[in-house]
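**Q** attaching a predicted model along with its sequence, questions to come.
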Amino acid sequence: MKREYLRDETFEGTFPYKPHYKKINGFQMHYVDEGKGEPIVLFHGMPTWGYLYRNFIETLSKSNRVIVPDQMGFGKSDVPQDKPYILKQHLENSTKLLLGLNLHDITLIVQDWGGPIGIGFGVHNPDMIKRLVIMNTSIGVMREGSKPWYQPLIEKGIYESFISDIAGLIKSGIYNKNQITDSMLKAYSAPFPNRESLIGAFAWPKDIPVGDSHPSAETMHYIWQNLDILKEKEKILIWGMKDPIFPTKMIAWWDKIYPRIEKFEIENASHFLQEDAPQKIIPIIQNFINES
């Protein structure tokens, strides 16, 4: 399934960036590529796309080359119906895209599923990475028998209807409700006009590995076991403190993995902290890049 109707859509001028496409593994993968200079690559998660970083692109592209891929099935990228929507596939897609762009000294910015994908790219290609900005994400395999957050929805028979309400998901992940606009909700909902278009969104929560037999357990284990490869890279942690998905105890988890990581707690921000507090987060990133 193609998303030609979104190619030049700017959502009332809130996303004025030229679309770029590259054929990856048989589908057209969309990405933003703005500005010049040392590259910054930003990875989104569920159920968002490059639109999540529109404010970041505007500011950071004045001093850097800013690249924001839309993962397969999300944003302006195609929605193939014959591919597995699992971590290994998303990682392979992103790797082919970034290697094809011939980048070096990358600053990686990751959040939600963008964490395993972006950091996964980093542990496989550490020589390409200069810095790492980690925001509200985790890496790991849940114990066999654990109940992921979506399990009650499946048991009640409302999983697909819950995921299909993209606007509702976005609103629930933003703490400062006054930040929510009609054009924002339209931009996040537009890639999902029908059930066929939702294949990636339906798949992503279920790709959280539960037990070692899960299809994404091996890939996730590899990333987790190799996080030390990036230990000498400059890095910071920026955390939305009102996130119901990734609670504040995760800060201590990251602190154990990277003991010298500098931490920035964004008090009035939830899961989509990029929407809640761009005016706070972007200067933190700018200072980090300038000082490292």
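**A** Sure thing, it's come through. Because the structure is a prediction, the values reported are computed rather than measured. Residues are numbered from 1 along each chain as shown.

**Q** list the buried residues for stretch 267-278?
**A** By neighbour count on 16 or more other CB atoms under 10 Å, the buried set for stretch 267-278 is Ala269, Ser270, His271, Phe272, Leu273, Gln274, Glu275, Asp276, Ala277, Pro278. Bear in mind the C-beta positions are built from the backbone N, C-alpha and C, glycine included.

**Q** which strands and helices lie in contact with the helix or strand where Ile117 lies?
**A** Using DSSP states H and E, Ile117 maps to helix 114-124. Secondary-structure packing of helix 114-124 (3 or more CB pairs under 8 Å, 6 or more residues apart in numbering; DSSP states H and E): strand 39-43, helix 87-100, strand 106-111, strand 129-135, helix 217-225.

**Q** could I get these as JSON lines with mean pLDDT and mean neighbour count?
**A** Shown next, in JSON lines, are these (pLDDT from 0 to 100; neighbours: other CB atoms under 10 Å):
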{"stretch": "strand 39-43", "mean pLDDT": "98", "mean neighbour count": "26"}
{"stretch": "helix 87-100", "mean pLDDT": "98", "mean neighbour count": "19"}
{"stretch": "strand 106-111", "mean pLDDT": "98", "mean neighbour count": "26"}
{"stretch": "strand 129-135", "mean pLDDT": "98", "mean neighbour count": "23"}
{"stretch": "helix 217-225", "mean pLDDT": "98", "mean neighbour count": "17"}
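
**Q** can you redo those as TSV with distance to Gln151?
**A** Converted to TSV, those look like this (distance: least, CB to CB, whole Å):
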stretch	distance to Gln151
strand 39-43	26
helix 87-100	19
strand 106-111	23
strand 129-135	26
helix 217-225	17
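
**Q** out of these, the one nearest Arg7 is which?
**A** Shortest separation from Arg7 across the helices and strands packed on helix 114-124 is recorded for helix 87-100, at 17.3 Å, computed as CB to CB.

**Q** now do the closest one: distance to the chain's middle.
**A** 13 Å (CA atoms, centre = their mean, to the nearest Å).

**Q** ok, residues contacting that helix?
**A** With CB atoms under 8 Å, 6 or more residues apart in numbering as the test, helix 87-100 has contacts from 22, 24-25, 29, 31, 41, 43, 67, 69, 71-72, 83, 106, 113, 116-118, 120-121, 124-125, 128, 207, 209, 215-216, 219-220.

**Q** pull out the buried members of these.
**A** 22, 24, 29, 31, 41, 43, 67, 69, 71-72, 83, 106, 113, 116-118, 120-121, 125, 128, 207, 209, 216, 219-220.

**Q** remind me which residues of the stretch 51-200 of the chain are low pLDDT?
**A** Within the stretch 51-200 of the chain, not a single segment meets pLDDT under 70.

**Q** mind listing the strands for the stretch 151-292 of the chain?
**A** Along the stretch 151-292 of the chain, the stretches classed as strands by DSSP state E, counting those that start in this stretch are 234-240, 262-266.

**Q** out of those, deepest packed?
**A** A comparison of these by mean neighbour count, using mean count of other CB atoms under 10 Å, puts strand 234-240 on top with a mean of 22.

**Q** each with direction, which strands does that one pair with?
**A** Note on strand 234-240: by DSSP bridges, its sheet partners are strand 129-135 (parallel), strand 262-266 (parallel).

**Q** so it versus strand 106-111, what angle?
**A** Relative orientation of strand 234-240 versus strand 106-111 (axes from the mean of the first three to the mean of the last three CA atoms, to 10 degrees): 20 degrees.

**Q** what does strand 234-240 contact?
**A** Residues outside strand 234-240 that contact it (CB under 8 Å, 6+ apart): 130-136, 175, 246, 248, 250-251, 254-255, 258, 261-266, 269-273, 276-277, 281, 284-285, 288, 292.

**Q** chain center to it, what's the gap?
**A** How far strand 234-240 lies from its chain's middle: 14 Å, per CA atoms, centre = their mean.

**Q** could I have it exported to PDB, CA atoms only?
**A** C-alpha atoms of strand 234-240 as PDB (Å, rounded to 0.1, in the frame of the first residue of the first chain):
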ATOM      1  CA  GLU A 234      29.000  11.200  24.400                       C
ATOM      2  CA  LYS A 235      25.400  10.800  25.500                       C
ATOM      3  CA  ILE A 236      22.600  12.400  27.500                       C
ATOM      4  CA  LEU A 237      19.200  11.200  28.800                       C
ATOM      5  CA  ILE A 238      16.200  13.400  28.500                       C
ATOM      6  CA  TRP A 239      13.100  12.100  30.200                       C
ATOM      7  CA  GLY A 240       9.400  13.100  30.300                       C
END
